[in-house]
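Dropping a prediction and its sequence here:
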Amino acid sequence: MTLTVAIRKRKAVMFSSLLMCFLGTSLLAAAFGTEYWFVSDSKWSFTGNVSGTVNFGLFKGRNVFRVNEHRMHTLYVVCLKDVCMYSCADTKEHREEQLQMLLDKEENGLLDNCERISPGRSAKVMDPTHIQLMQGVDNARNTNFWSLFSSPFNPVGLVAHRFESGPMEEDFLEESKATDSPVTSSTLDPDTPENLEYMDYGLWVGTIACLSAGLLMAVVGALFAIVNTATTPVEAITGIPGLYLWNSLAAVFDMLTVILWAVQFHKHLTDNVLLYDANDGWTTKGMEVFGYSFWLVVVAIFVHIANIVIIAIGTWEPKKKDHLQAPESKGGNIMLY
C-alpha cells in the first residue's frame, strides 16, 4: 500500500468516526431535551371511561386528562429530603409546598396551586369543596346538576357525566344521590399518603450526571475526530488511542445512565406517579413504559461501540514478519601456515 493510499484511507476512517460521534452527540442531546423518559396511560380507578396520559423527562413533563375535553398539567421536578416528584404546581415554592404536604400526609389543598391548561385558556383546578356551591348555581339555572361536574379533577363529575364511550357507573351515582352529600377524597382513596412512592434523589441526580458526562465525552470525541481528519497528531491522547478512549468513556457513561434510570423506573415509577391525584382515584399503575428519550441513550451506546469497531478495522495493519537472511559465505581459500 502506497503512502498516498494509506493517507486517504486514514482520512476516510477519521471522517467516518466524526460522523458517528456527531450521531452519538445528537442522540444524547435529544434525550436530554425531550420529555419522554417515562410514558404511561392514566385512568380513574372507579370507571374505565375516564383516561389520560402522562409523560415526563429528566426535568419536566405533561399530564393530560381526557374527559369532556383535553386538559393538561405541566409537570416540573421538585426535590426535598432526598425524595423527588413531578409536581403540577405553578412555582418552585408551590411545588416544594405540594411535596411537603404529601410528605406530611396532608390531603386537603394539594391541587390549590396547580393550573389546568385547556385549549385557549387556563384555570385553577376545581376544588371538590365547591360542589355544594355549584349545586346551588345549578338549581338556580334549573339545569341538570350532574352535567356541571365534567372536570377530570372532580370525582363526582367523573362518575356522573355521560360519556359517549360507555355507560355511567349507575350504582355509584345512585348511592351519591341517596346520601345527598358530595363524594370526598376519603371515599376515593386507593393510594393513601402512607403508600405513595417518590423518586430517589440520588438516582435522579446520578442519571443527569452520567448523561452529561456521556454527552461531554461524545463532543470531545467529535472534536478530536476533526483534528485527526485534518492532521496526524503525534501525541497518543489526541490520536487514534484518544479516539478509543473518548468513545469508550462515552459508551460507559451511557450505560450507567441507562442502568440508573432503569433502577429508578422499576423501584419508584411503577406504582403511581400521580401522587397528588391519587386521593381522587387517578393511577398509572401497570401502564408505564420507557419512553423514546430513554431508548435514544440505548441507541447511543451502540453508536459509540460501532465507532470503536470502525476505528479498529480502518486503522488495523498486519504486521510484516522480518525474514532472517543467512550470512553470505565468503569465497576464497584459507591458507594455513
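Perfect, I can see it now. No experiment lies behind these values; they were computed from the predicted model shown. Residues are numbered from 1 along each chain as shown.

Any buried residues in the helix or strand where residue 14 lies, and which?
Element membership of residue 14, judged by DSSP states H and E, is helix 3-33. The neighbour-count check on helix 3-33 (16 or more other CB atoms under 10 Å) flags 10, 13-14, 16-18, 20-25, 27-29, 31-32 as buried. Backbone N, C-alpha and C define where each C-beta goes, glycine included.

and after that helix, which helix or strand comes next?
Next in line after helix 3-33, if elements are assigned by DSSP H and E, sits strand 38-44.

For the helix or strand following that following strand, give the mean pLDDT please.
For strand 38-44, the following helix or strand on the C-terminal side (DSSP H and E) is strand 51-56. The average pLDDT for strand 51-56 rounds to 89.

what packs against strand 51-56?
Judged by 3 or more CB pairs under 8 Å, 6 or more residues apart in numbering; DSSP states H and E, the packing partners of strand 51-56 are strand 38-44, strand 60-66.

can you pull out the helices in the chain?
Per DSSP state H, the chain carries helices over the ranges 3-33, 92-103, 131-141, 155-160, 170-179, 201-230, 240-268, 292-315.

circling back: what is the helix holding residue 14 packed up against?
Using 3+ CB pairs under 8 Å, 6+ apart: helix 3-33 touches helix 201-230, helix 240-268, helix 292-315.

Now the longest strand belonging to the chain: average pLDDT?
Ranked by residue count, the top strand of the chain under DSSP state E comes out as strand 70-80. For strand 70-80, mean pLDDT rounds to 86.

Using PDB, list the CA coordinates for it.
Provided in PDB are the C-alpha atoms of strand 70-80 (Å, rounded to 0.1, in the frame of the first residue of the first chain):
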ATOM      1  CA  HIS A  70     -58.300  17.500  26.900                       C
ATOM      2  CA  ARG A  71     -56.900  19.300  30.000                       C
ATOM      3  CA  MET A  72     -53.200  19.400  30.700                       C
ATOM      4  CA  HIS A  73     -50.900  19.900  33.600                       C
ATOM      5  CA  THR A  74     -47.300  20.900  33.000                       C
ATOM      6  CA  LEU A  75     -45.100  19.000  35.400                       C
ATOM      7  CA  TYR A  76     -41.800  20.000  37.000                       C
ATOM      8  CA  VAL A  77     -39.300  18.000  39.100                       C
ATOM      9  CA  VAL A  78     -39.100  19.100  42.700                       C
ATOM     10  CA  CYS A  79     -37.000  17.500  45.400                       C
ATOM     11  CA  LEU A  80     -37.000  17.600  49.200                       C
END
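
In that strand, which residues are buried?
Neighbour-count burial for strand 70-80 [16+ other CB under 10 Å]: 71-80.

Kindly report the same for stretch 217-232.
217-222, 224-229.

Next: stretch 260-273.
260-261, 264-265, 268-273.

can you redo these as a markdown table with pLDDT and distance to residue 51?
A markdown table is the format used below for the buried residues of stretch 260-273 (pLDDT from 0 to 100; distance: CB to CB, whole Å):
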| residue | pLDDT | distance to residue 51 |
| --- | --- | --- |
| 260 | 97 | 30 |
| 261 | 96 | 26 |
| 264 | 95 | 25 |
| 265 | 94 | 21 |
| 268 | 91 | 23 |
| 269 | 91 | 19 |
| 270 | 88 | 18 |
| 271 | 85 | 18 |
| 272 | 87 | 15 |
| 273 | 88 | 15 |
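
Pick out the most distant pair among these.
The largest separation in these, counting by CB to CB, is between 260 and 272 at 21.3 Å.

Excluding chain neighbours, what is closest to residue 306?
The spatially closest residue to residue 306, leaving aside those adjacent along the chain, is residue 20, at 6.4 Å (CB to CB, 6 or more residues apart in numbering).

re the thing from before, got a markdown table for the buried residues of strand 70-80, with distance to residue 107 too?
Shown next, in a markdown table, are those (distance: CB to CB, whole Å):
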| residue | distance to residue 107 |
| --- | --- |
| 71 | 22 |
| 72 | 23 |
| 73 | 18 |
| 74 | 23 |
| 75 | 20 |
| 76 | 22 |
| 77 | 22 |
| 78 | 18 |
| 79 | 22 |
| 80 | 18 |
